[in-house]
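S.K.: the sequence and its predicted three-dimensional model are supplied below.
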Amino acid sequence: MTDSKYFTTTKKGEIFELKAELNSDKKEKKKEAVKKVIASMTVGKDVSALFPDVVNCMQTDNLELKKLVYLYLMNYAKSQPDMAIMAVNTFVKDCEDPNPLIRALAVRTMGCIRVDKITEYLCEPLRKCLKDEDPYVRKTAAVCVAKLHDINAQLVEDQGFLDTLKDLISDSNPMVVANAVAALSEIAESHPSSNLLDLNPQSINKLLTALNECTEWGQIFILDCLANYTPKDDREAQSICERVTPRLSHANSAVVLSAVKVLMKFMEMLSKDLDYYGTLLKKLAPPLVTLLSAEPELQYVALRNINLIVQKRPEVLKHEMKVFFVKYNDPIYVKLEKLDIMIRLASQANIAQVLAELKEYATEVDVDFVRKAVRAIGRCAIKVEQSAERCVSTLLDLIQTKVNYVVQEAIVVIKDIFRKYPNKYESVIATLCENLDSLDEPEARAAMIWIVGEYAERIDNADELLESFLEGFHDESTQVQLQLLTAIVKLFLKKPTETQELVQQVLSLATQDSDNPDLRDRGYIYWRLLSTDPVAAKEVVLAEKPLISEETDLIEPTLLDELICYIGTLASVYHKPPSAFVEGGRGVVHKSLPPRTASSESTESPETAPAGAPPGEQLDAVPTQGDLLGDLLNLDLGPPVSGPPLAASAVQMGAVDLLGGGLDSLMGDEPEGIGAPSFVAPPAAAVPANLGAPMGSGLSDLFDLTSGVGTLSGSYVAPKAVWLPAMKAKGLEISGTFTRQAGTISMDLQLTNKALQVMTDFAIQFNRNSFGLAPAAPLQVHAPLSPTQTVEISLPLSTAGSVMKTEPLNSLQVAVKNNIDVFYFSTLYPLHILFVEDGKMDRQMFLATWKDIPNENEAQFQIRDCPLNAEAVSSRLQSSNIFTVARRNVEGQDMLYQSLKLTNGIWVLAELRIQPGNPSFTLSLKCRAPEVSQHVYQAYETILKN
């Protein structure tokens, strides 16, 4: 009979019966009873009342019964720590049992019981098991060290277990080596700075020897460990590659991907002239192709990894195009991924084959797939110039099908083809204009409007076409509105006499009737340009456009290098570094490929070097934030050479007024005389109210060059308060405060010994708290603390600890231990120690975020009795990392718009209203986590009043 009978009982008073059976003298009856207990536990019944009776059953030679009892123990030890100690003796005895299975079982179970009181008893048995004669026991003990380190890291280091683990890397048994590597890697991940896996050529040699003989998971641990090693030269890299290559033929796909990761990383160090380099490239292709015959989920993971490999080294799979052709029964996610890789591999040699396939896909029934296929045809035209003509004729054939979504996608990609090959394929514009009425998607409408505006001089009825779009201007999406505005201005500059009314109409729609800041700003810029200097407007708006690049969706090179180091992990599927999706900083280390040796060339292969770039030079795919800011700050804000002086000041102030007033539009009346005679001046909203303000004051506020770096003076520090009085801690008095200096949080403690005996062996621990505060180093009191002696200690804190929401949010529970006892106290930390140095938000981002956060998340507070002026307030808050993004004066009130960021990434936006001469300020806070607002307000009060 099967074990299912244990799950079917519904008797009452069952616990009492089980208790009797567990204490039975008959071994069989005892075993049956334990099975029933485990069955009840599995379905969620509480059988913790039987703890002492089950523990009594541990004294047995029967391995099956022992396993069941250990299973029960693991489950209930946490809730019954005092009872669990009863089992310790049996564990210690079992660790010396002649049967190695029982020894391993005992040490494994002890590692799984996460009870602090038991861990100290675990050390001796674990030390013996790490040196056990049986490899099965040693490999189990190795993993147990990692578990113990997770419970009590200090204990593991003090007991010297880490050194024993390092010795196990030289063990004669490959499984022991693999588990030792796995345990050390796990520990090293949680302590990135600890350099535990100090690899050298000798230890690498041992790992490579073990690689051939251990199980598949052991191989993965060893390969991942090898991937973190940097060989000293290309010869060592080649030797490692030669010994790892056989893993490519392994049946387990995880082993294959781990091996590919090691090879991709070490190939960086090999010269492309080497024969071995070419051989290695050939060997990499077959295993990757084989992965594509697995089930769809595995295929998808393989394809996401292949996508990275193809971007880094297209030559690996350049002859394997056919395996990426889509099968009729592939799920959509596999189809889309294959399509992406096909485009990456498209070249002059295979383009005919690829286009034939893509045209076939464009007639499928799956709408998403068809869209992507049509887009892919356009990408091929841009990538392989020789095929552009064939691609355009293929797209025209597809437009003739009159299938709505096919037509719309085709128009979007033809716009890109015009950008890449100007004045080449404009003959197709007539066909495109025929389909104007069928367009209903924003992207397609915007693309068509761009084409009409760009080639207005070739289209006789361009003004009629654009006017037809203008009728429903306010119903269009922002993308279409912006494109329509630009297209009509282009049309006006090309045919000024016929379209004056049309351009007047669109400019007033954009500036007066719209509440979209992007659209309004663009409208004002065009209006001012046209009114002050039509010649300059023509040069700006009709300037020659740069050609678009081949691949617009390539991953930025440094990110790609990092992702190559994470092949076979979740990061390679998401195409994001772990820091982007792993919560908290734990275990996230930025990796990068090893530097190339002197004999090697660039990482770019000849086939993928961008056009116009000298061989060996990499183009930056993404400009850095710094470059963009630099460009913005270098804008020439001076007056134009021609045009009246008043217009110049209007243009200047337009540049200053980034945030609009009251966060939207606090603009005054228009001065007289702006604009050229041929053109109507912008409406009243075009010029800010504070036009008379000197230029410098506006710029100094808005282009604040401190750019979010905290000043060196550091944030406000509260005076020390007594946290633990001597009468509650057997003579130990603890006072303290919290500080933040140069990005480091510290707990500044003062320990005073008011007892009659010496105090030693200090240690400190924090309970889980809302922001993950934890000691970043042990509490070090260098000399014993004599009676009446006081010592000052600064304890560095990190925010990488365990997180649990506390009430109140900023409370911290602390345990301090010394040779006398363990003492507990709780304190409140000021929230401003968590304000980070890069908390200054970009202005546009501030405006968008303020609007994006729902109004119900806004909280308003009054700060009373604060005699400071706006300048002093801004400076004082900035020293505590609360940054002023912009400052305005509205009806005599100073308005400061401020941002700050907490260590866990939460942004808080603030508006501070200061009435000169009035010591009461109004503070409005907006945040996606409104529960922090009250504490942020307290931080404002504390900083401004002290």
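M.R.: Received, thanks.
S.K.: run through this structure and note the low-pLDDT ranges.
M.R.: Along the chain, the model assigns pLDDT under 70 to residues 1-13, 192-195, 550-553, 584-590, 596-714.
S.K.: quick one: the helices in the stretch 151-300 of the chain?
M.R.: Taking DSSP state H, counting those that start in this stretch as the criterion, the stretch 151-300 of the chain carries its helices at 153-158, 161-168, 174-190, 201-211, 216-227, 234-244, 253-267, 275-291, 296-312.
S.K.: gap between the two ends of stretch 76-91?
M.R.: End-to-end distance for stretch 76-91: 16 Å, by C-alpha to C-alpha, to the nearest Å.
S.K.: list the contacts of it.
M.R.: 48, 51-52, 55, 58-59, 73, 106, 109-110, 113-118, 121-122, 125 (C-beta atoms under 8 Å, 6 or more residues apart in numbering). Backbone N, C-alpha and C define where each C-beta goes, glycine included.
S.K.: phi, psi of the nearest residue to M804 once chain neighbours are set aside?
M.R.: Spatial nearest neighbour of M804, excluding adjacent residues (C-beta to C-beta, 6 or more residues apart in numbering): R768 at 3.8 Å. As for R768, its main-chain torsions (degrees, to the nearest 10) stand at phi -60, psi 140.
S.K.: where along the stretch 351-500 of the chain do the strands fall?
M.R.: Ranges of strands within the stretch 351-500 of the chain: none, based on DSSP state E, counting those that start in this stretch.
S.K.: oh, that last question was meant for the chain, not what I typed.
M.R.: 721-724, 732-741, 744-753, 763-766, 774-775, 790-798, 811-817, 822-828, 858-863, 883-890, 893-901, 907-914, 921-927 (DSSP state E).
S.K.: what does the fifth one rub up against?
M.R.: Contacts made with strand 774-775 from outside it, assessed by C-beta under 8 Å, 6+ apart, are listed as 747, 764-766, 795-802.
S.K.: the same query, at a cut-off of 6 Å, please.
M.R.: Residues outside strand 774-775 that contact it (C-beta atoms under 6 Å, 6 or more residues apart in numbering) are 764, 766, 795, 798, 801.
S.K.: mean neighbour count and distance to Y333 for the strands of the chain - can I get that in a markdown table?
M.R.: Formatted as a markdown table, the strands of the chain follow (neighbours: other C-beta atoms under 10 Å; distance: least, C-beta to C-beta, whole Å):
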| stretch | mean neighbour count | distance to Y333 |
| --- | --- | --- |
| strand 721-724 | 16 | 55 |
| strand 732-741 | 20 | 46 |
| strand 744-753 | 19 | 43 |
| strand 763-766 | 16 | 44 |
| strand 774-775 | 16 | 40 |
| strand 790-798 | 15 | 39 |
| strand 811-817 | 17 | 46 |
| strand 822-828 | 14 | 49 |
| strand 858-863 | 15 | 41 |
| strand 883-890 | 21 | 41 |
| strand 893-901 | 22 | 35 |
| strand 907-914 | 22 | 33 |
| strand 921-927 | 20 | 36 |
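S.K.: out of those, nearest to L288?
M.R.: Taking C-beta to C-beta, strand 790-798 is the member of these nearest to L288, at 40.5 Å.
S.K.: now that closest one - C-alpha only, CSV.
M.R.: Taking Å, rounded to 0.1, in the frame of the first residue of the first chain, the C-alpha atoms of strand 790-798 are listed here in CSV:
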residue,chain,number,x,y,z
THR,A,790,34.4,56.4,28.8
VAL,A,791,35.2,55.5,25.2
GLU,A,792,34.0,57.1,22.0
ILE,A,793,33.4,54.9,18.9
SER,A,794,32.2,55.7,15.4
LEU,A,795,30.5,52.6,14.0
PRO,A,796,30.1,52.7,10.1
LEU,A,797,26.6,51.6,8.9
SER,A,798,25.5,50.2,5.6
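S.K.: partners of it, with directions?
M.R.: Using DSSP bridges, strand 790-798 pairs in its sheet with strand 744-753 (antiparallel), strand 774-775 (antiparallel).
S.K.: from the chain's centroid, how far away is stretch 430-444?
M.R.: Distance of stretch 430-444 from the chain centroid (C-alpha atoms, centre = their mean, to the nearest Å) equals 39 Å.
S.K.: neighbouring contacts of that stretch?
M.R.: For stretch 430-444, contacts defined as C-beta under 6 Å, 6+ apart pick out 404, 407-408, 411-412, 445, 448, 477, 479-480.
S.K.: run the last query once more with 7 Å
M.R.: 396, 399, 404, 407-408, 411-412, 414, 445, 448, 451, 459, 465, 477, 479-480 (C-beta atoms under 7 Å, 6 or more residues apart in numbering).
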